[in-house]
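**Student:** build me a structure from this.
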Amino acid sequence: MVYRFCAALVLVVLVSLAGTALEKETLALRREVTRQVYRRQVLESRLANLAMEVQRSGAPVRHVETANRLRLEAVEAAAVAKPKSSKKSRSKNESGKRSG
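**Tutor:** Numbering: from 1, shown residues only. Next comes the predicted model:
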């Protein structure tokens, strides 16, 4: 009879220990899920802030297109200005050669 009582007592203790281990595992998983939910909320907030920054700064494509257009205009203006100045310098050089 004592053996049955001890066996039952050991069985109850083992079931209790198993339950405690499962509860510990469950709590660890819940903490991890809570941490992931918090991280997701932080990332969503960061995404919203970045989206507002993009809207505040305007459409980047427009800025790039404007910069390219202005760069092309500057190159064209420089190309138009160079031949005029080089023609003047040639005529001065030619007139210098004639007089010398």
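**Student:** show me what contacts His47?
**Tutor:** Rather than His, residue 47 is Leu. The contact partners of Leu47, by C-beta atoms under 8 Å, 6 or more residues apart in numbering, come to none. C-beta: built from backbone N, CA, C; applies to glycine.
**Student:** low-confidence stretches in the chain?
**Tutor:** Counting by pLDDT under 70, the chain contains low-confidence ranges at 59-61, 81-100.
**Student:** pull the longest helix from the protein.
**Tutor:** Longest helix in the chain, counting residues (DSSP state H): helix 2-57.
**Student:** count the neighbours of Arg71 for me.
**Tutor:** 10 (other C-beta atoms under 10 Å).
**Student:** and what about it, helix, strand or coil?
**Tutor:** helix (DSSP: H, G, I helix; E, B strand; the rest coil).
**Student:** please tell me how far it sits from Glu32.
**Tutor:** Relative to Glu32, Arg71 is positioned 52 Å away (C-beta to C-beta, to the nearest Å).
**Student:** neighbours of Arg4, just the number please.
**Tutor:** Arg4 has 8 neighbours, counted by other C-beta under 10 Å.
**Student:** hmm, I typed the wrong one, I wanted Cys6.
**Tutor:** 10.
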